[in-house]
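>>> fold the following and give me the result.
(one chain, ligands or ions: 1)
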Amino acid sequence: MEASVALSPILLGISSNRTSYSHSRRHFKKRRALKVVSDFSKIEDCKIDVDAVNLFKVTNLSYKPPGTQQSILNDVNLSLREKRFGLIFGRSGSGKTTLLQILAGLAQPTCGSIVVQKYGFDSSPVEPPKTLLPEKVGIVFQFPERYFLADTVLDEITFGWPRQKADALLREELALNLQYAINSVGLKTISLDENPRALSGGYKRRLALAVQLMPDLLLLDEPLAGLDWKARADVVNLLKNIKKDLTILVVSHDLKELAPLVDKSWKMELGGILKEAPVPL
Ligand SMILES: Nc1ncnc2c1ncn2[C@@H]1O[C@H](COP(=O)(O)OP(=O)(O)OP(=O)(O)O)[C@@H](O)[C@H]1O
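Have a look, this model is predicted:
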């Protein structure tokens, strides 16, 4: 099935689980209208912009899992400007994945805040900070292809989208969402009837990204893990394109390949202590 023909299942209506009607609608509007994240510590960057920019900020965040005595994350601070690529590196077990999970709303921090704030061209905040809502954050876990749920590419991308109760406007929005997702990750040449498990490694990663593409902030845990050299280069190119629209925060050990994309980087030290640091190459 070609992408254009494949819009018809959406227009016929789809049922909900992975995401809700309002969720999808919010994503659609947000993608068009909202500018999100920016770099607080380098807010002078904003001076080159005519419009206001958004800054994603984590302040004094700590996390102690329920029932444990030791904090995994300790007083973490970071900020990233919209449409920037942030990279967190560091030793295994230092807390990188835990931080992504908290940013995605999968666990509650013990203390601290995660906000988005808009700044004007003169570097002053133009609005009070807003709590970053989990539905505005997409997360792609390590080896995301292990968690594919559907039997076709189309169903995998649209899993959980409204089917039965979608009005005409929403159906149109969903059709555009689908087109956007397919085009953004370069899945146009793949049949939407294809079984996701039959795709090559690189195309599986593209599909996993398409599923999570709507939010403003995209979190990726080891996006190159387990791929051969060709697929890795493919995903790096894809991330370069996606960066034009979204803010991306990546946790990875693959520093050399991702370095050309990086605008800001941090090292997570054992004990969950995050420090801004250049990518060590
Ligand atoms: N719910 C939990 N309860 C107790 N300990 C936990 C919990 N979740 C994670 N940990 C521990 O917190 C530490 C940090 O784990 P995390 O997976 O965030 O590290 P990481 O830096 O992402 O490691 P890697 O690079 O190997 O993926 C580990 O020692 C892990 O065992």
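
>>> packing partners for the longest helix seen in the chain?
Longest helix of the chain, by residue count under DSSP state H: helix 168-184. Counting contacts by 3 or more C-beta pairs under 8 Å, 6 or more residues apart in numbering; DSSP states H and E, helix 168-184 packs against helix 7-12, helix 21-33, helix 153-158, helix 201-211. C-beta: built from backbone N, CA, C; applies to glycine.

>>> orientation of the last one relative to helix 168-184 in degrees?
When you say that, I think you mean helix 201-211. Orientation check (axes from the mean of the first three to the mean of the last three C-alpha atoms, to 10 degrees): helix 201-211 against helix 168-184 gives 150 degrees.

>>> what's downstream of helix 201-211, the next helix or strand?
For helix 201-211, the following helix or strand on the C-terminal side (DSSP states H and E) is strand 217-221.

>>> contacts for that following strand next, please.
Applying C-beta atoms under 8 Å, 6 or more residues apart in numbering, the contact partners of strand 217-221 are 36-37, 56, 96-97, 100, 103-104, 132, 136-142, 209, 212, 239, 242, 246-252.

>>> and the following helix or strand past it, what does it pack onto?
Scanning forward in sequence from strand 217-221 by DSSP H and E, the next helix or strand is helix 229-242. Judged by 3+ C-beta pairs under 8 Å, 6+ apart, the packing partners of helix 229-242 are helix 201-211, strand 247-251, helix 255-258.

>>> kindly report the residues of the stretch 1-150 of the chain close to the ligand.
65, 68, 72, 92, 93, 94, 95, 96, 97, 98 (C-beta under 6 Å from any ligand atom).

>>> shouldn't residue 84 be in contact with residue 247?
Yes. Between residue 84 and residue 247 there is a contact under C-beta atoms under 8 Å: 5.9 Å.

>>> hang on, the earlier thing: select only the buried ones of the contacts of strand 217-221 in ChimeraX?
Buried residues within those, by 16 or more other C-beta atoms under 10 Å, are selected in ChimeraX with:
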select :36,37,56,96,97,100,103,104,132,136,137,138,139,140,141,209,212,239,242,246,247,248,249,250,251,252
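
>>> re the thing from before, lowest mean pLDDT across the helices and strands packed on helix 168-184, which one is that?
Lowest mean pLDDT within these: helix 21-33, at a mean of 36.

>>> just checking, next helix/strand downstream of it?
strand 53-63.

>>> for that next one, which strands pair with it and how are they oriented?
strand 73-81 (antiparallel), strand 111-119 (antiparallel) (DSSP bridges).

>>> mind checking which of those strands is nearest residue 227?
With distances scored as C-beta to C-beta, the stretch of these nearest to residue 227 is strand 73-81 (24.9 Å).

>>> returning to what we had before: turn the residues of the stretch 1-150 of the chain next to the ligand into TSV, columns for secondary structure.
Output for those, formatted as TSV (DSSP: H, G, I helix; E, B strand; the rest coil):
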residue	secondary structure
65	coil
68	coil
72	coil
92	coil
93	coil
94	coil
95	coil
96	helix
97	helix
98	helix
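
>>> wait, residue 279 sits on residue 255?
Yes. Residue 279 lies in contact with residue 255 (C-beta under 8 Å); the separation is 5.1 Å.

>>> so for these two, which residue has more residues nearby?
residue 279 (17 against 14; other C-beta atoms under 10 Å).

>>> ok, the more buried one to residue 250 distance?
Using C-beta to C-beta, to the nearest Å, residue 279 is found at 11 Å from residue 250.

>>> just how off-centre is the longest helix of the chain within its chain?
18 Å (C-alpha atoms, centre = their mean, to the nearest Å).

>>> quick one: end-to-end distance for stretch 54-74.
Here the two ends of stretch 54-74 are set 25 Å apart, with distance taken as C-alpha to C-alpha, to the nearest Å.

>>> tell me the mean pLDDT for it?
94.

>>> joint contacts of residue 279 and residue 255?
By C-beta under 8 Å, 6+ apart, residue 279 and residue 255 have these common neighbours: 87, 89.

>>> thought residue 125 was touching residue 119, still the case?
Yes. Contact criterion C-beta under 8 Å: residue 119 and residue 125 qualify, at 5.6 Å.

>>> the two - which one has more neighbours?
Neighbour tally, residue 119 and residue 125, criterion other C-beta under 10 Å: the higher count belongs to residue 119, 22 against 14.

>>> quick one: the more buried one from residue 173, how far?
29 Å.

>>> next: residue 146.
Residue 146 sits 30 Å away from residue 173, going by C-beta to C-beta.
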